[in-house]
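S.K.: model this:
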Amino acid sequence: MTEIHKHGFKKLTLIENAWKILSPYIKILSEEEIKSTNGLGRFLASDIVSFIDVPHFDRSAMDGYAVQAEDTFGASPHKPIILKMIDKIEINQISSIKLNHEEAIKVATGSPIPFGANAVVKIEDTKLIDDKIEVYTPLTPEKNVSKKGEDVKKNDIIIKKFHQLRPQDITLLIACNIETIKVIKKPTVAIISTGSELVEVGSSPKIGEIIETNTHSISLFTELYGGIPIRLGIVEDDPDKIREILNKALEYDIVVFSGGTSVGERDLLPSIMEQEGKLLVHGIAMRPGSPTAIAIVKNIPVFCLPGFPVATIIGFEDFVGPTIRKMQGANILDPRPIIKATLTRGIPSKLGRRDSARVKIERINGEYFATPIRISGSGIISSLVKADGVVKIPENIEGFEKDSVVNVYLYLPISI
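M.R.: Numbers count the residues shown, from 1 in each chain. Predicted structure coming up:
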């Protein structure tokens, strides 16, 4: 029996310090090439350079008439300028006629600007009479013309390395005719629950047995944070079986255990991690989730999260999710949206410990209000379902008073 099993945690590590210990062991993964259209949410492995101008020709920004701007000087509704229409082109056509003074060519939005023209008069600022048009407004050169390279110039860096791709980014890649890109590989995350009392969903649990949920919730959160979940299932509270599944799990980039990490006699994970690798931290100043342990085994980060479902998820959001993102080069490790909200009730806390309080959000007259959810423990899964987000209470204060304005980390996807 270890000292922790005998006496519990003598001292808890602050979250910030736990990260300082862990960070040097987290390395960015290697790159892979994928189709640009499959890049949503991926992190770029290098700067992206456009090898073409966008647009790659001067084009009309309006339906109207391509003209020489100088011909329209002085035009007004009372004194229109008369031009001769000599051609008409559609969006995918090129006029073979050179436009001269006092001439016009009808164009559509996106049509190439005919040779000799330098402006486009909007169709609503004209009137067509037979083969002539009356122009009612003067134009400056390049008016209503989208110039070659106006959006992107050839050899421009259009997106920087480690940027996480959004729909608009991929749209730009396609506009620049970039078919494939290099991205950082997604981390693979081996996920295991420990506990001889656990049974799979669909079973008929006996008294004392519990349907295992944590590997499923961790798998789903892993996908949300950009990783690839590998669910290895349940392992009994047996040191040999835990070592066996650990060796299998070390084939992946990250290992996550739930359960078996507190101070009971059946909490075997921390001592096994100490024997098999390097136990970096055991016991973190957070609630829920204080029994969390972090180890490095054969250069693989291993997270041992508490077995209570809420504590598991909080531990994931504080450590595993950010590690998944850090391995892909992310600058923002916590992707959750944050809003300001006014507390409808106070939230007590203890100095020296970072608490996570679940809250319900209500919007009244354009302002957000957060109501703490009354809970009796970190095993109450329904409290997460009722909550819209989490308020983090720093270690250096004794909670928040009623009417305090706080940051609320919204659950993904946004539920309000």
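
S.K.: Strands of the stretch 51-200 of the chain, start to end?
M.R.: Using DSSP state E, counting those that start in this stretch, the strands of the stretch 51-200 of the chain run over 59-60, 64-67, 81-88, 103-107, 119-122, 126-129, 132-135, 145-146, 157-159, 180-184, 188-194, 198-199.

S.K.: Tell me which of these is the most buried.
M.R.: strand 64-67 (a mean of 28; mean count of other Cβ atoms under 10 Å). No exception for glycine: its C-beta is placed from N, CA and C like everyone else's.

S.K.: Identify the residues contacting that strand?
M.R.: 60, 83, 85, 99, 103-107, 111, 113-114, 117, 119-123, 125-126, 133, 135, 139, 144 (Cβ atoms under 8 Å, 6 or more residues apart in numbering).

S.K.: How far off centre is that strand?
M.R.: Between the centre of strand 64-67 and the centre of its chain there are 44 Å (Cα atoms, centre = their mean, to the nearest Å).

S.K.: any weak-confidence spans in the chain?
M.R.: 1-10, 263-264, 266, 376, 413-416 (pLDDT under 70).

S.K.: Which of the strands of the stretch 51-200 of the chain sits closest to Ala18?
M.R.: Ranking the strands of the stretch 51-200 of the chain by proximity to Ala18 (Cβ to Cβ) places strand 188-194 first, at 18.8 Å.

S.K.: now that closest one, how far from the chain's geometric center?
M.R.: Averaging C-alpha positions (Cα atoms, centre = their mean) puts strand 188-194 22 Å from its chain's average.

S.K.: neighbouring contacts of that strand?
M.R.: Outside strand 188-194, the residues that touch it by Cβ under 8 Å, 6+ apart are 212, 214-215, 218-219, 222, 227-237, 242, 245, 248-260, 268-269, 307, 320, 324.

S.K.: repeat that for 6 Å
M.R.: Residues outside strand 188-194 that contact it (Cβ atoms under 6 Å, 6 or more residues apart in numbering) are 212, 214-215, 218-219, 222, 227-232, 234-235, 245, 249, 252-260.

S.K.: Please work out how many residues are found near Glu236.
M.R.: Number of residues near Glu236 (other Cβ atoms under 10 Å) recorded here: 15.

S.K.: For it, which non-adjacent residue is closest in space?
M.R.: Nearest non-adjacent residue to Glu236, counting by Cβ to Cβ, 6 or more residues apart in numbering: Ser196, 4.6 Å away.

S.K.: just checking, that neighbour touches Asp238?
M.R.: No: Ser196 is beyond contact range of Asp238, at 7.8 Å (criterion: Cβ atoms under 6 Å).

S.K.: tell me the domain boundaries of this protein?
M.R.: 3-29+186-326, 31-54+153-184, 59-146, 338-410 (automatic domain parsing).

S.K.: hey, which of those is tucked in deepest?
M.R.: Mean neighbour count (mean count of other Cβ under 10 Å) peaks for domain 3-29+186-326 among the domains of the chain, with a mean of 19.

S.K.: And that domain, how far out from the chain middle?
M.R.: Average the C-alpha atoms of domain 3-29+186-326, do the same for its chain, and the two points are 23 Å apart (Cα atoms, centre = their mean).

S.K.: gap between the residue nearest the centre of the chain and Leu224?
M.R.: Per Cα atoms, centre = their mean, the C-alpha nearest to the average position across the chain is that of Pro335, at 5.4 Å. For Pro335, the distance to Leu224 equals 8 Å [Cβ to Cβ, to the nearest Å].

S.K.: And for Leu139?
M.R.: For Leu139, the distance to Leu224 (Cβ to Cβ) stands at 52 Å.

S.K.: I'd guessed Arg358 sits against Asp388; true?
M.R.: No: Arg358 lies out of contact with Asp388 (Cβ under 6 Å); the separation is 8.6 Å.

S.K.: Which stretches in the stretch 301-416 of the chain count as strands?
M.R.: Using DSSP E, counting those that start in this stretch, strands in the stretch 301-416 of the chain cover 338-343, 354-364, 367-372, 389-393, 405-410.

S.K.: do you know which of these lies nearest Ser30?
M.R.: strand 405-410 (31.0 Å).

S.K.: Output the contacting helices and strands for that closest one.
M.R.: For strand 405-410, the packing partners by 3 or more Cβ pairs under 6 Å, 6 or more residues apart in numbering; DSSP states H and E come out as strand 338-343, strand 389-393.
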